[in-house]
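> okay, sequence plus prediction incoming.
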Amino acid sequence: MFEGTLVDLVPFEDDYATYLESWMNEEAWFRAHLWDRREPHPEDAVKKYIEKMEKNERAALIGYQTKAGDPIGGLIYDHEWSRVRKVEVTFFTGDSRYEGTDEVLDGLLMLARYCFETRNMHRLDAMSLAFDEARIDALRRAGFVHEGTLRQHIRWDGDYVDVELYGLLEDEWPGYAARIEALGLQASDLEPKPKPEKKLEDEKALDEKILAP
Amino acid sequence: MLEGVLVDLVPYGKAFLENERRWYNSEVYFWGTAGDRAVFTRAQVERWQAERAEGAERRASTSVWFGILTKDGKPLGDIALDEMLPHHRVALIGEMIGEPEYWGGGYGTDALLLIVEYAFDWLDLRKLWLSTMGINARMQRAALKVGFREEARRRWFWYADGVWTDDVMFGLLRDEWPGRDALVERLGLRAREEV
Ligand SMILES: CC(C)(COP(=O)(O)OP(=O)(O)OC[C@H]1O[C@@H](n2cnc3c(N)ncnc32)[C@H](O)[C@@H]1OP(=O)(O)O)[C@@H](O)C(=O)NCCC(=O)NCCS
């Protein structure tokens, strides 16, 4: 566990894998993956995605949750590129109750912290659909700088939508602690959701398999 | 296959592959890769070519490669549509002329006009984009001449010869494209004696 102020980063497994079966079919996921074709993700596609990210040395999918252990969604870095010390970052708010909260912002700050202070990146790339205000707000508050607009770049629900590009440089990152101090984050104190049921079934199935002679 | 004024776009075959080792071991590679320099052995180039050949089928739906050939049959380099996404109807253009003595002679612009027309008129794409180093004046000039607009400048994106340089991104929407003939005329592109 990698501890932040309002959230902690945890391995993307167990309950997260179960949640992802629905999250990966919801709006927040598609907004975070705006290049991808919108299509249904059945359980095996979700599993494959998690495996693919685990094996990919230039990318990671990380779970983030409240201090009370309530899973919020995923933080992603991808296409890490050592020659130019640069990486693409994104995040999704699987539990939509957290959209626009400081928990999500802290998740993004923790991702930036990890990329700069651990992985020694020089630059983070981020992008957002022009209408995705919650994402743009989080990027701005985290210190990302707007660098341009790809005009009518994405087909979205019958329209062609602009994509806003953001970047954050090593020199602009004052360090996680300083950023947190300047922002004064507020916990939203949402009631943790009940644990997913599917997980219990899986465990039962697994137990049965292990017990079988 | 696609006939231009100074160049034709043709299949990227043997005549081009034979030149790759020389092209990649030169200054061309630095510009073509936005800052990388490498010294490739013959075996490395061959392995790379074999890998590309193997992956060709897998990439067929997302990219189209052309060789750029002068009118008197000299292979100059490549131009390609890449990262084609049919749901958004966009593609990324990449271009590289491997013979520096041809740079600045209008060949790159002519090739660009051909691939834009191909992307709009044959593949029904809706938007094309490309990106290049802030220090690559030739690519930027060629893109602007063809009607691309600067859309973004990603700061300190590339590392080239020890300094950070921006990434300049250009986009061209189909509604903004007056057609290739109109641009050939406006730019005054004319067939010429070879250098
Ligand atoms: C980029 C490239 C494809 C352009 O093709 P080209 O044939 O050189 O381009 P053109 O001659 O058609 O147009 C280039 C324009 O840049 C201008 N130009 C050339 N050198 C220049 C310089 N140093 N500064 C400013 N402008 C310059 C030319 O004068 C011309 O403009 P003009 O016609 O208005 O005078 C080619 O130069 C190339 O392959 N370079 C190496 C690889 C590369 O950079 N690929 C792009 C990677 S993103």
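Cool, got the structure. Numbering: from 1, shown residues only, chains lettered A, B, ... in the order given.
> okay, buried residues for whatever helix or strand A:Lys52 lives in please.
Taking DSSP states H and E as the definition, A:Lys52 sits inside helix A:43-55. For helix A:43-55, the neighbour count (16 or more other Cβ atoms under 10 Å in any protein chain shown) marks A:46, A:50, A:53 as buried. Quick note: C-beta positions are derived from backbone N, CA and C, even for glycine.
> wait, isn't the second one in contact with A:Thr18?
No. The pair A:Ile50 and A:Thr18 does not pass the contact test of Cβ atoms under 8 Å, sitting 11.0 Å apart.
> could you check the pLDDT of the closest residue to chain A within chain B?
Residue nearest to chain A within chain B: B:Ala152 (2.3 Å; Cβ to the nearest Cβ). What the model reports for B:Ala152 is a pLDDT of 98.
> check the secondary structure at it for me.
With DSSP: H, G, I helix; E, B strand; the rest coil as the basis, B:Ala152 sits in strand.
> what about it, distance to A:Ala32?
20 Å (Cβ to Cβ, to the nearest Å).
> what about those two, which has more around it?
The neighbour comparison of B:Ala152 against A:Ala32 (other Cβ atoms under 10 Å in any protein chain shown) goes to B:Ala152, with 26 against 22.
> so who does that one touch?
Applying Cβ atoms under 8 Å, 6 or more residues apart in numbering or on different chains, one finds that B:Ala152 lies in contact with A:147-150, A:165, B:167-169.
> same deal with A:Ala177?
By Cβ under 8 Å, 6+ apart, A:Ala177 has no neighbours at all.
> helix or strand: which one has it?
A:Ala177 belongs to helix A:176-183, assigned by DSSP H and E.
> picking up where we left off before, now the residue of chain B closest to chain A, nearest residue through space, not along the chain?
In space, and not counting its chain neighbours, B:Ala152 is closest to A:Gly148: 2.3 Å by Cβ to Cβ, 6 or more residues apart in numbering or on different chains.
> A helix includes the one you found, no?
No. Looking at A:Gly148 with three-state DSSP, it is strand, so not inside a helix.
> wait, doesn't it sit right on A:Val163?
No. Contact criterion Cβ under 8 Å: A:Gly148 and A:Val163 do not qualify, at 9.2 Å.
> same drill for the two, tell me which one is more crowded.
A:Val163 (22 against 19).
> ok, now how distant is the more buried one from B:Leu92?
Distance from A:Val163 to B:Leu92, counting by Cβ to Cβ: 14 Å.
> and the pLDDT at residue 190?
In the absence of a named chain, this looks at chain A. pLDDT at A:Leu190 comes out at 96.
> you answered for a different chain; I wanted chain B.
pLDDT, B:Arg190: 93.
> could you count how many residues lie near it?
So B:Arg190, with other Cβ under 10 Å, has 9 neighbours.
> ditto for B:Val116
If we define neighbours as other Cβ under 10 Å, then B:Val116 has 23 of them.
> just the one 3 residues further on next, same as before
The local packing of B:Ala119 (other Cβ under 10 Å) involves 24 other residues.
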